[in-house]
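Generate a structure from the sequence data that follows.
(2 chains)
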Amino acid sequence: MSESLSQSRRDLVRGVLAIALPVLVAPQAARQAGGAARAALRDAPSPQPAAPDTLVGELWDPSRAGKLRTRVSEYENDPFVVGVEEKLRCTCGCNLSVYTCRTTDFTCETSPAMHRRVVELVEQRKSAQEILDAFVAQYGESVLMAPPKVGFNLAGYLVPGILITLVGAVLAWVLLRKRGARLAAAGGASPEGGDSEAGSTLPPEDAARLKAELERLEL
Amino acid sequence: MTTLGQIALWLALLVALWGTATGVLGGIRRRPELIQSARRATYALLGLLSVAAASLLTALLRRDFNVAYVAEYTSRNLPAVYTVSAFYGGQAGSLLFWAFVLSIFAAAAQWLTPRRYDPLMPYVAAVTSGVTLFFVAVMVFAANPFARLPFTPEDGNGLNPQLQNPGMVVHPPMLYLGYISIAVPFAFAVAALISRRLDTGWLHAIRRWTLLSWTFLSIGITLGMWWAYVELGWGGYWAWDPVENASFLPWLTMTAFLHSVMIQEKRGMLKKWNVSLITLSFMLSIFGTFITRSGIISSVHSFAQSNVGYFFLIFLVTTAIFLGWLLWTRLPELKSEAQLESALSREASFYFNNLLLVGMAFSIFWGTIFPILSEWLRGTKVTVGPPFFNQVNIPIGLALLALTGVGPLIAWRKASPQNLKRQFAIPVSMGLATALVLVLIRYSDFYAGVAASLAAFVVATIVQEFWRGTSARHRLHGEAYPLAFARLVARNRRRYGGYVVHLGIVTYFVAFSGLAFKREMEASLKPGESTSMRSPYGHVYTFTHLGISQYERLNRFVTAASVEVERDGKRLGVMSSEKRQYVDSFNRPQFNPSTEAAIRSDLREDLYIVFAGSVAGTEEAVYRFTINPLVWWVWFGGAILVLGGVIVMWPGAAPTKASLRRALPGYAVTLTGTGWEGHE
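Model (predicted):
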């Protein structure tokens, strides 16, 4: 029974390889040749059982396949760990967060080490802030993806907003002051007379013709 | 051949110096022979830099590895297309590319500008020659593309794998074209300041140039996002990297200019502001190059750093001082001819639009240089990454999106309550209805919800504008609706092309809001094993690892991992992600292995699969699976944006006599007898 199961697994792996290898060179041929194997895949119970290690083939030249990896641990997808790592900068000089670097720059040795340190601290039941503090103590403020909102750093966050608000307020004040001056000049009469400028002396029918003509010109 | 290129560079240095001097002297003293000489210097520069560019290209294609640049950026087995793109893949080559393209634009400006702008042209020649002089001087004295090695290596180092991507063949030239073409409007602005011809003439002369550089920048930035997405492997397209920021800064200031220039053309206002925006855009384009070249701020884009950063810094400071002085001494001539009359007017909305665009540019600039400031002032290094930029810029961006809808709806000079009610009723209702629906379906992300509601508002304004224009033509001229629509756009390309650009911006915002719903996970799978992932739309993707194969290609050794992908039980196909180890012609490894993501796009979401590595050299693979909603719309938004830009600058859209008259300051309309006529 177990021998036939093992045989069927071997057949499955062979079938998979029959698809994978030619598909990179000749996708059309692969589609034809791999049909039976895919049928086997579809028919297999879900979720797929992990094949025994002895059945996982080795690469022809692992040295050219990039940095070798270990299996993905549950921490690597843990939202808490990912959230903390997104706030930490990898110190390899790549400018990326630890999470982005360890899942992108697969040659980097620094971000996996920082990930392991985060996991250690998580296992010690440290809070997110405590973990960040531990990294700041070790590497300085630059290890954070954004500077903490204290002291001089507040200038970083607030200066653009304050400047835009100030200039906007001055602009609004100037506009309102002009409106007030115009109202005063008009003797308190409401300037809200239509789309054309205030104080027009045109009779209503001419103003209507003018408006219509201007609209036509705009078209 | 490189000796010829070297000689051409030295001659270009002398000619650029001559062109700058004769341009200024000829303009000031009004000496025709000097003016003519400055113009000819511009054409001579084009000839000389063409020779230099052809020399470098020949060296690259002939694999002359005795030339240091060729040895550093190419190898014998580098595909021809990337051998050509290596021209601008490194420091010295990109400087030559810059100078060469600038010489083309400078000659085109001299050749194509109508005679009525002749008084400006000697100064234009002087400025373009001056900028060319700077780039040629950097090459001659610090980054010589024709420098030779004391020996000839058997093969070159090859091109950085990240640059061996079709996107990188097109993205840098487009961005460079955007940066470089700003030099022409800048030259006209300086010419107008020096000659004190500060009416709207120079604005008409540069209108197509500004649109051209804005369009090139837009294409360059969009292609840059695409390249980052498909090549860098992190599953995103914008990371607020300093070099990305540097390309965005002049785009923002140019966009501000394209709006504010309308106020100067229509009302004779904002003269100082418009001159400042053009000069600022040029300075920011140089700042972008300074950031890339100096390495002063670490960036994933810093492929070619060296000491030329100091040259750029000196150039920036000197230019800023000169321009500051020039502006200061011309302030009296830059007085507004009209006053802003109401806070409820299109002019006022453009003021606020400019405030936000320039404010956003400032906040990005501020965030980019803040680490340097912090280190100088406090001695403490800080990192300013995406969390900072998102926090500061998303609210500004949303306010800008709102103004994108508000601006076109408000009348010039002053809007009445009736006008506001008539224009805003439908768009505001659409925005509010969208917001209500999002609240009812418990849309989880606040900013994404605001973006979607504002997008609905803006789209409604655009549709309303097109509908009103088309139906008015139908009513007035009896044209069928399709014809009325086509003629509406064709006869008002600036206005309706601008609305198309707005539509592109809305599409961008909607696409960006999809990032809030990105999902990703890592998994290690043995051949035959599967894992599943739920998309934001509720689909369940199942990934079955098929295996890993290794094979050789022209200049690389490929390790490819393949997964079969199913969505809700239905097979979608096989996707393969690769590790690429680039090798030289002797099969020696070059660079670290790079990663090629497998991407499947549809209108709703992208499936982004990255082969992260083999487990212990076996066929067990580690994958990162990412589901990115709405990414396709980023590229589509870019295409709409560019289409709008092309509509606006399409030849034949020259202003009519009537529109020119109306554009003049002080224009008014009087009613005489039975007819209507405009006069100044």
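
For the helix or strand harbouring residue B:425, which helices and strands make contact with it?
Using DSSP states H and E, residue B:425 falls within helix B:417-440. In terms of contacts (3 or more Cβ pairs under 8 Å, 6 or more residues apart in numbering or on different chains; DSSP states H and E), helix B:417-440 is packed against helix B:446-477. Just so you know, the C-beta spots here come from the backbone N, C-alpha and C atoms, and that holds for glycine as well.

just checking, next helix/strand downstream of the helix it packs on?
helix B:481-491.

what is the rounded mean pLDDT of whichever helix or strand comes after that next one?
Moving toward the C-terminus from helix B:481-491, the next helix or strand (DSSP H and E) is helix B:493-513. Averaging pLDDT along helix B:493-513 gives 94.

one step back: neighbouring contacts of the helix holding residue B:425?
A:192, A:194-195, B:344, B:405, B:409-411, B:415, B:449-450, B:452-461, B:464 (Cβ atoms under 8 Å, 6 or more residues apart in numbering or on different chains).

can you give me the strands for chain B?
B:519-525, B:530-534, B:540-553, B:556-567, B:570-582, B:594-596, B:598-601, B:605-614, B:621-629, B:668-672, B:675-679 (DSSP state E).

Just put these in JSON lines and tack on mean neighbour count and distance to chain A.
JSON lines is the format used below for the strands of chain B (neighbours: other Cβ atoms under 10 Å in any protein chain shown; distance: least, Cβ to the nearest Cβ, whole Å):
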{"stretch": "strand B:519-525", "mean neighbour count": "20", "distance to chain A": "4"}
{"stretch": "strand B:530-534", "mean neighbour count": "16", "distance to chain A": "5"}
{"stretch": "strand B:540-553", "mean neighbour count": "21", "distance to chain A": "3"}
{"stretch": "strand B:556-567", "mean neighbour count": "23", "distance to chain A": "4"}
{"stretch": "strand B:570-582", "mean neighbour count": "19", "distance to chain A": "4"}
{"stretch": "strand B:594-596", "mean neighbour count": "22", "distance to chain A": "6"}
{"stretch": "strand B:598-601", "mean neighbour count": "16", "distance to chain A": "11"}
{"stretch": "strand B:605-614", "mean neighbour count": "25", "distance to chain A": "4"}
{"stretch": "strand B:621-629", "mean neighbour count": "24", "distance to chain A": "4"}
{"stretch": "strand B:668-672", "mean neighbour count": "12", "distance to chain A": "6"}
{"stretch": "strand B:675-679", "mean neighbour count": "12", "distance to chain A": "5"}
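
Dump those to TSV, plus mean pLDDT.
TSV is the format used below for the strands of chain B (pLDDT from 0 to 100):
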stretch	mean pLDDT
strand B:519-525	94
strand B:530-534	94
strand B:540-553	94
strand B:556-567	95
strand B:570-582	93
strand B:594-596	89
strand B:598-601	94
strand B:605-614	94
strand B:621-629	94
strand B:668-672	44
strand B:675-679	37
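
In a markdown table: these, plus distance to residue B:203.
Shown next, in a markdown table, are the strands of chain B (distance: least, Cβ to Cβ, whole Å):
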| stretch | distance to residue B:203 |
| --- | --- |
| strand B:519-525 | 48 |
| strand B:530-534 | 54 |
| strand B:540-553 | 53 |
| strand B:556-567 | 51 |
| strand B:570-582 | 49 |
| strand B:594-596 | 47 |
| strand B:598-601 | 41 |
| strand B:605-614 | 42 |
| strand B:621-629 | 42 |
| strand B:668-672 | 21 |
| strand B:675-679 | 20 |
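
which residue packs closest to residue B:356, ignoring adjacent ones?
In space, and not counting its chain neighbours, residue B:356 is closest to residue B:400: 4.8 Å by Cβ to Cβ, 6 or more residues apart in numbering or on different chains.

Also residue B:211?
Residue B:211's closest residue in space is residue B:649 (Cβ to Cβ, 6+ apart), at 3.9 Å.

Per-residue pLDDT of the one you found, please?
87.

That one - how many residues pack around it?
Residue B:649: 19 surrounding residues under other Cβ atoms under 10 Å in any protein chain shown.

Residue B:100 against residue B:51, yeah?
No. Assessed by Cβ atoms under 8 Å, residue B:100 is found out of contact with residue B:51, at 9.9 Å.
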